[in-house]
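Asks: Here is a sequence with its predicted model. Questions after.
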Amino acid sequence: MKAGAGIHAAHLLAARADLLRSRSGARAFHAFAAVVLLGLAGTPALAAEAKAGAVQPLGVYSRVQATGDHAYGHEVRLWRAGNRVVGQMTCWDAHPEGQRGRFEDGTFIPQSGEVRFSVTVIRRDVQPNVRSRASFSGYLARGGLWGELKWEGKDAQSRGNAGVEELSLPIAKGERLHPFSDLDEWRRTVLD
């Protein structure tokens, strides 16, 4: 995943440049080292080991903009079950109601922060409902989720650049997800 690595590295370099401009000497080095360590550790949930069978929250990552009666953007809710990622994604693309889908096939590598998943989002404000499939490949670090969302089929013609959207979603600090004892409890509770 070269593009995602570039995005992650770019965020670390930008943080380094900001710190160096605002501080000098040893203080800049220590501040930069702290940013790098936080970038590698990610959120506290990333550092904690998941309990056997438990589904632990990783966070809500969101960037949504409203213009009049339309909204544009994405929200991703992530939980971790071992090295597996489960979650829910909602997309807004000028429709008043977000298109939402749940996924259970994600992978998560804590050491690198790499995240991958495939999701089918459903537009429910039309009949019959419209289903769109996409896959995400990126990184979870420094309080955000960064990467590429690649759309399939006819959606690849109308979304992003040739069907690829570059996502940079900061953590939604005001939202807290709840842990679940197992995937069955998660499935019963999280809406599709």
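Replies: Ah, there it is.
Asks: what about the strands in the chain?
Replies: 56-67, 70-81, 84-93, 99-109, 114-123, 130-141, 144-151, 164-170 (DSSP state E).
Asks: how's the chain carved up into domains?
Replies: Recorded structural domains for the chain (assignment: automatic domain parsing) are 2-42, 56-189.
Asks: Serialize these to JSON lines and add fields for mean neighbour count and mean pLDDT.
Replies: Quick note: C-beta positions are derived from backbone N, CA and C, even for glycine. Formatted as JSON lines, the domains of the chain follow (neighbours: other Cβ atoms under 10 Å; pLDDT from 0 to 100):
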{"stretch": "domain 2-42", "mean neighbour count": "14", "mean pLDDT": "38"}
{"stretch": "domain 56-189", "mean neighbour count": "17", "mean pLDDT": "88"}
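Asks: For residue 149, list the residues it contacts.
Replies: 74, 134-136, 160, 164-165, 167 (Cβ atoms under 8 Å, 6 or more residues apart in numbering).
Asks: and what of residue 173?
Replies: No contacts exist for residue 173 under Cβ under 8 Å, 6+ apart.
Asks: just residue 107 next, same as before
Replies: 83-85, 114-117.
Asks: Tell me the one among these nearest to residue 61.
Replies: residue 115 (10.0 Å; Cβ to Cβ).
Asks: Just the terminal-to-terminal distance for stretch 175-183.
Replies: 21 Å (Cα to Cα, to the nearest Å).
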